[in-house]
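S.K.: got a predicted structure here, sequence first:
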Amino acid sequence: MKKNKFTPDELDRILDSLNGMKPAEMPVFFHTRLMAAMDAKHESATGFWKLVTKPSVSLITLSLLVVLNIASVSYFLHQPAQTASSAVSGLQSFAEEYGLGTNTIFSTEKMKP
Amino acid sequence: MNEKAFIVSLQNGDQQAFRQLVETRQNMVYNTVLSIVQDMQEAEDIAQEVFIQVYQSVGDFRGDAMLSTWIYRIAITKALDFERKKKAKKRMANLKSWVGLGDKEEEAIHFHHPGISMENKEQASLVFAAMKKLPESQRTAFVLIKTEGLSYAEAAEIMQTSTKALEALMHRAKENLRKQLQHYYHQ
């Protein structure tokens, strides 16, 4: 069996070593450092808004948004037409090749007597 | 100025009142945080964060508890948060060293609280080292009672618990500290 170094009395004495301790004192000029830290925090928080509200930054951002919008609108205007026509022509060539005689809404005119 | 009027001044952004608050409460905050994090520079940085939070959220303070109780709660929460992050960082460093990506984080040397007398210095540093191994609630109770010298009722108010529950916490904290201290002997 292991022998404990500390007897119960010794343990109590060690625990009691904190009795009567004096509170630690904050290093001097804490208030000054605190104010500097608060100012720095405020600066970094407002720095973002300062940058965003700069006329040049706003103008560049706005132009970028306009260009992006025009590009995406023109892309989506052309994209569906191409897809639909290629899908229909694919279907027609498939039907013709296998002689299925599938009538699409595009071929109804041909069927009329 | 009574406490209510003082709180109103703080809520109105009175810089003089805030300065007075910092000057009267800075040692209380520093001592509490220092007993938890056991590093003087880190304790001062956390104390700064505590006062910044006090300044920013004093407008929401409804006066349900005393101002000092509210500040104690902020200080303890910040210090324990810091400890959690530090532990997580240490675990990550150990994991990295285990897979060969970094060096193992070294164990902090024993902390010597500046308020401890010379003859108790070595024994007290053992207690502080053992305190680091306590669960958060027991550690907080022990810090408030032993290093802050608060009464059980005051500590219970800060920890938002009953005096009986706090007595039980202190009892368990002392038991665990005894076990930890014996563990140091066997190392």
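M.R.: Looks like it arrived, so ask away. In this text, all values refer to a predicted model and were calculated from it rather than measured experimentally. Residues are numbered from 1 along each chain as shown, chains lettered A, B, ... in the order given.

S.K.: go through the chain and flag its longest helix.
M.R.: Going with chain A. Looking across chain A with DSSP state H, the single longest helix is helix A:55-98.

S.K.: um, chain B though
M.R.: Max-length helix for chain B by DSSP H is helix B:67-98.

S.K.: identify each buried residue in it, please.
M.R.: B:67-68, B:70-72, B:74-76, B:78-80, B:82-83, B:93 (16 or more other Cβ atoms under 10 Å in any protein chain shown). C-beta: built from backbone N, CA, C; applies to glycine.

S.K.: so which of the residues you listed comes closest to chain A?
M.R.: Lowest distance from chain A to those (Cβ to the nearest Cβ) belongs to B:Ala75, with 12.3 Å.

S.K.: tell me the contacts of the closest one?
M.R.: By Cβ atoms under 8 Å, 6 or more residues apart in numbering or on different chains, the contact list for B:Ala75 reads B:28-29, B:32-33, B:46-47, B:50.

S.K.: so for it, what's the pLDDT?
M.R.: If you check B:Ala75, the pLDDT there is 98.

S.K.: just A:Thr104 next, same as before
M.R.: What the model reports as pLDDT for A:Thr104 is 55.

S.K.: then A:Val57?
M.R.: On the pLDDT scale, A:Val57 is placed at 84.

S.K.: which non-adjacent residue is nearest it?
M.R.: In this structure, A:Val57 finds its nearest non-sequential neighbour in A:Leu51, 6.0 Å apart by Cβ to Cβ, 6 or more residues apart in numbering or on different chains.

S.K.: what is the burial count for the one you found?
M.R.: 10 (other Cβ atoms under 10 Å in any protein chain shown).

S.K.: please report phi then psi for B:Lys132.
M.R.: For B:Lys132, the backbone dihedrals (degrees, to the nearest 10) come out as phi -60, psi -20.

S.K.: isn't the residue nearest to A:Val57 right up against A:Thr61?
M.R.: No. Here A:Leu51 does not reach A:Thr61: they are 10.7 Å apart, not a contact under Cβ atoms under 8 Å.

S.K.: from the chain's centroid, how far away is stretch B:129-143?
M.R.: 9 Å (Cα atoms, centre = their mean, to the nearest Å).
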